[in-house]
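Engineer: kindly return the folded structure for what I paste below:
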Amino acid sequence: MTDLIQIAADIKACGTIADSDIAAIRRLVFTDGIVSRIEADALFKIERARTNHLPGWSELFSEALTDYCIRQEPPEGYLSEDTARWVMAAITEVKHPSTDAEIELLINIIEKAREVPVSFSAFALNHVKTMVMYGGGRDARGREHHGGRISEADIHALERILWGAGTEGHMAISREEAEALFSIAEMSTGAENDDRFEDMFAKAIGNYLLGATGRPVPPREVALRWETEETHLDAARLLRSVMQTYSTADWSKLRDRDFWADSIRPRTLAQDVDAAFEAQLKAREAAEAAASIMTPDKAAWLLDRIGKNGVMSPPEKALARFIARNASRLDPSLARIMDKAEA
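Structural biologist: Purely as a prediction, here's the structure:
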């Protein structure tokens, strides 16, 4: 730990970080395979000390702190409320967090985690919104965030936040994220935005209005129990089976060894959760059918935000066309904007 403090002091003295520093830091942090809280704090000190951009540092800072945030505390893959607050507090210590390291860390955590608190994703998205509005230097790959227009770097950051754990193939856009996207679209109207923004905007807002209510990921508390509880004999399940047999007067089952074997077979919590999860997926299918309807309250939310200055922007028209294609039923109040979108 003393070595990390000395490296931070040396970097602060000269203002730059070098490839040799990054190699030394990597050896110190990953020697035992565990990133500690003390080492995590030291990494933020080094980040505050350096003034130059170096892709290797962006990668190391994001990799090590993501490992600390979602892999060191059970259940693996979940960002706890306490850790989320610690990350957000560390990043708000400075007025302008670095885009190539600190904002990259926020995005990387969201991308790698199975689940993060809603407040954390909103925190990250608001920082990206600020970058779009005012610019924020280079991202981890060296691409520029240009103020006033949506650049390739902005698109990359937005996609990673909005789609989150994209490898699972699920999207779950929150109201906070949808409203932030509308703000970004409004402030960049007329600018030379990246061509992909219209499609991303339409799909993201469309997902919020017509998609299911969330990713089918077990909550952190359930996953934690799943990891730690032992196999157990479900006495309540046994009692229910026996009582149901008596109630149906099918007493012959009580002489059937297979009946008793199934009733008293130990079940793991994982099996219980799997069964509950299967039921949740079926309920989700029903929720998706209901969500595909553009109800009056959804229509009112959309009408309050679309075409505020009397003119529909290209992203807003793309959204209206997306809704027209994918909604199972449209509220009549949307007829006007649907006509405008096709004009």
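Engineer: does residue 53 really touch residue 99, like I thought?
Structural biologist: No: the pair residue 53 / residue 99 is not scored as a contact, 9.4 Å apart, by Cβ atoms under 8 Å. C-beta: built from backbone N, CA, C; applies to glycine.
Engineer: so which of those two has more stuff around it?
Structural biologist: The neighbour comparison of residue 53 against residue 99 (other Cβ atoms under 10 Å) goes to residue 99, with 26 against 18.
Engineer: how about the secondary structure of that one?
Structural biologist: Three-state call for residue 99 (DSSP: H, G, I helix; E, B strand; the rest coil): coil.
Engineer: where does pLDDT dip in the stretch 1-150 of the chain?
Structural biologist: Applying pLDDT under 70 to the stretch 1-150 of the chain flags residues 1-2, 135-146.
Engineer: show me where it has helices.
Structural biologist: Along the stretch 1-150 of the chain, counting by DSSP state H, counting those that start in this stretch, helices occupy 2-14, 19-30, 37-49, 55-71, 81-91, 102-112, 118-134.
Engineer: got the angle for the third one vs helix 2-14?
Structural biologist: Angle, helix 37-49 to helix 2-14, by axes from the mean of the first three to the mean of the last three Cα atoms, to 10 degrees: 10 degrees.
Engineer: and helix 37-49 with helix 102-112, angle?
Structural biologist: Angle between the axes of helix 37-49 and helix 102-112 is 140 degrees (criterion: the same axes, to 10 degrees).
Engineer: got the CA positions of helix 37-49 in CSV?
Structural biologist: The C-alpha trace of helix 37-49 is given here as CSV (Å, rounded to 0.1, in the frame of the first residue of the first chain):
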residue,chain,number,x,y,z
ARG,A,37,-10.9,-1.0,-0.3
ILE,A,38,-7.6,0.6,0.6
GLU,A,39,-6.3,-0.1,-2.9
ALA,A,40,-9.5,1.2,-4.4
ASP,A,41,-9.1,4.5,-2.5
ALA,A,42,-5.4,4.7,-3.7
LEU,A,43,-6.5,4.3,-7.3
PHE,A,44,-8.8,7.3,-7.0
LYS,A,45,-5.8,9.3,-5.5
ILE,A,46,-3.7,8.3,-8.5
GLU,A,47,-6.5,9.4,-10.8
ARG,A,48,-6.7,12.8,-9.1
ALA,A,49,-2.9,13.2,-9.6
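Engineer: pick the most deeply packed of the helices of the stretch 1-150 of the chain.
Structural biologist: Ranked by mean neighbour count under mean count of other Cβ atoms under 10 Å, the helices of the stretch 1-150 of the chain are led by helix 102-112, which reaches a mean of 24.
Engineer: gap between it and the chain center?
Structural biologist: A distance of 9 Å separates the centroid of the chain from that of helix 102-112, by Cα atoms, centre = their mean, to the nearest Å.
Engineer: residues making contact with it?
Structural biologist: By Cβ atoms under 8 Å, 6 or more residues apart in numbering, the surrounding residues in contact with helix 102-112 are 47, 58, 61-63, 65-66, 69-70, 77, 79, 87, 91, 97, 116, 120-121, 123-124, 127-128, 131, 136, 139-140, 157, 160-161, 164-166.
Engineer: just the CA coordinates for that helix, please, in CSV.
Structural biologist: What follows is helix 102-112, C-alpha atoms only, in CSV (Å, rounded to 0.1, in the frame of the first residue of the first chain):
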residue,chain,number,x,y,z
GLU,A,102,-14.2,7.9,-13.9
ILE,A,103,-17.1,8.1,-16.3
GLU,A,104,-15.7,5.0,-18.0
LEU,A,105,-15.8,3.3,-14.6
LEU,A,106,-19.5,4.1,-14.2
ILE,A,107,-20.3,2.8,-17.6
ASN,A,108,-18.2,-0.3,-17.2
ILE,A,109,-19.8,-1.2,-13.9
ILE,A,110,-23.3,-0.9,-15.5
GLU,A,111,-22.2,-3.0,-18.5
LYS,A,112,-20.6,-5.8,-16.5
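Engineer: what angle do it and helix 118-134 make?
Structural biologist: Interaxial angle of helix 102-112 relative to helix 118-134 (the same axes, to 10 degrees): 130 degrees.
Engineer: number the chain from 509, please
Structural biologist: Got it, the first residue is 509 from now on, which makes the last one we talked about helix 610-620.
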